[in-house]
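Asks: Test case, fold it:
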Amino acid sequence: MQKVKQFFPCVLSMILVAFLGVAVSVSAQSPELIDDPTGEAAKVKALLEQKMPNAPIRHVTKTSYLGGLYEVLVGNEQIIYTDAKVSYVLVGAIIDMSGTPAAMTNLTENRLRELKRVDISKIPVDYAFKRVKGDGKRVLHLFSDIDCPFCERIEETLRKIDNVTIYTYLLPLEGLHPDAARKSGLIWCAADKAKAWNEYYATKKLPDNKGDCETPIAKIQGLADSFGIHGTPGLIFADGTIVPGAIPGAKLEAELARAAEAQKEKK
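Replies: Reported below is the predicted structural model:
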């Protein structure tokens, strides 16, 4: 735990940036509140904003952990914990070890998934190209950089996945891959975007066009920022759960099944 000094707000912000990395500064947009706390939680939020003026506080709620710590979502990426007076801040995961070793649960990770969940109905699918495999009943929204090696890995995994509709959003990370934006433009301007994408990953051959059509790439960047997706691949499942990275096939199948079941229960 770290002691919070009221007269060192700037130092505190620097310490939190060191702990939280990109969580408080990377997003191009100021993240919106998930909810507007009331009562004691509202007081905690006000104290946090006073002591951490550069940290976007999106959610505050009281938990049962360690005598009633407050759970705080900072930006899009990080949960921290504090007491009612914001005298201390705990940065790290809370693990439920009340069961057997095999049943240990990362409560912080699970809550972050819940809090970051997005409203699928608000994702503009016209920013994406669509691929349908099998019956296409399951849904995956994929944010991908054409030159990202991890995106190539997820494409290899997706070749073995059936019965899914994949919406792919072109998200070139120009700081890492300077040619990705040009290649993405060529893919988007192809007559058959999905075919051009699949062919590129199979042969590394780009479609024959000038890449000068209008693309949604800049809008996709803003959309990704608003969801807290700062790297590729970024996966969003049918229930709005965001999962980063090139996850293994077994986990991808499990997430697709879980999200499909969650959607069924909503109906």
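
Asks: quick one: the strands in the stretch 51-200 of the chain?
Replies: Remark: strands assigned in the stretch 51-200 of the chain by DSSP state E, counting those that start in this stretch are 57-62, 70-74, 78-82, 88-91, 95-96, 105-106, 129-133, 138-144, 164-170.

Asks: And for the fifth one, what's in contact with it?
Replies: Residues lying outside strand 95-96 but in contact with it, judged by Cβ atoms under 8 Å, 6 or more residues apart in numbering, are 104-107. The way it works is simple: take the backbone N, C-alpha and C, and place the C-beta from them, glycine included.

Asks: let's see 10 Å
Replies: Applying Cβ atoms under 10 Å, 6 or more residues apart in numbering, the external contacts of strand 95-96 come out as 65, 103-110.

Asks: What mean pLDDT does it get?
Replies: Confidence over strand 95-96 (mean pLDDT, whole number) is 91.

Asks: Might you calculate how far that strand sits from the centre of the chain?
Replies: Per Cα atoms, centre = their mean, to the nearest Å, the displacement of strand 95-96 from the mean C-alpha position of its chain is 22 Å.

Asks: Okay, now the sheet partners of that strand, with direction.
Replies: strand 105-106 (antiparallel) (DSSP bridges).

Asks: and if you look at the first one?
Replies: Using DSSP bridges, the neighbouring strands of strand 57-62 in the sheet come out as strand 70-74 (antiparallel).

Asks: Okay, helices next: where are they in the stretch 51-200 of the chain?
Replies: 107-116, 149-158, 180-188, 193-203 (DSSP state H, counting those that start in this stretch).

Asks: Buried ones in the first one, by neighbour count?
Replies: If I follow you right, that is helix 107-116. Applying a neighbour-count criterion of 16 or more other Cβ atoms under 10 Å, one finds 107-108, 111-112, 115-116 buried in helix 107-116.

Asks: For it, which outside residues touch it?
Replies: Around helix 107-116, the neighbours that count as contacts under Cβ under 10 Å, 6+ apart are 34-35, 58-59, 61, 63, 65, 71, 73, 76-81, 90, 92-96, 106, 227-229, 236, 240-243.

Asks: Check the longest one too.
Replies: Helix 193-203 is touched from outside by 128-132, 144, 146, 151-152, 155-156, 158-159, 166, 168, 170, 183-184, 186-190, 192, 205-209, with contacts defined as Cβ under 10 Å, 6+ apart.

Asks: Buried only: go through those residues for me.
Replies: With neighbours counted using 16+ other Cβ under 10 Å, the contacts of helix 193-203 contain these buried positions: 128-129, 131, 144, 146, 151-152, 155, 158, 166, 168, 170, 183-184, 186-190, 206-207.

Asks: on that earlier part again, minimum distance to residue 248: which of the strands of the stretch 51-200 of the chain has it?
Replies: Nearest to residue 248 among those is strand 138-144; the distance by Cβ to Cβ comes to 14.8 Å.

Asks: Paired strands for that closest one, with orientation please.
Replies: Within its sheet, strand 138-144 is paired with strand 164-170 (parallel), strand 234-237 (antiparallel), according to DSSP bridges.

Asks: Would you mind checking the average pLDDT for the shortest one?
Replies: Spelled out, it's strand 234-237. 96.

Asks: Following the chain onward from that strand, which element is next?
Replies: Once the chain leaves strand 234-237, the next helix or strand it forms, by DSSP states H and E, is strand 242-244.

Asks: Which residues outside the next helix or strand after that next one are in contact with it?
Replies: If you walk from strand 242-244 toward the C-terminus, the next helix or strand you reach (DSSP H and E) is helix 249-266. For helix 249-266, the external contacting residues (Cβ under 10 Å, 6+ apart) are 117, 120, 137-140, 154, 156-164, 235-241, 243, 245-248.

Asks: Run the angle between helix 249-266 and strand 164-170 for me.
Replies: In this structure, helix 249-266 runs at an angle of 110 degrees to strand 164-170, with axes from the mean of the first three to the mean of the last three Cα atoms, to 10 degrees as the basis.

Asks: follow-up on the earlier one: out of the helices of the stretch 51-200 of the chain, nearest to residue 48?
Replies: For residue 48, the closest of those is helix 107-116, at 15.9 Å, according to Cβ to Cβ.
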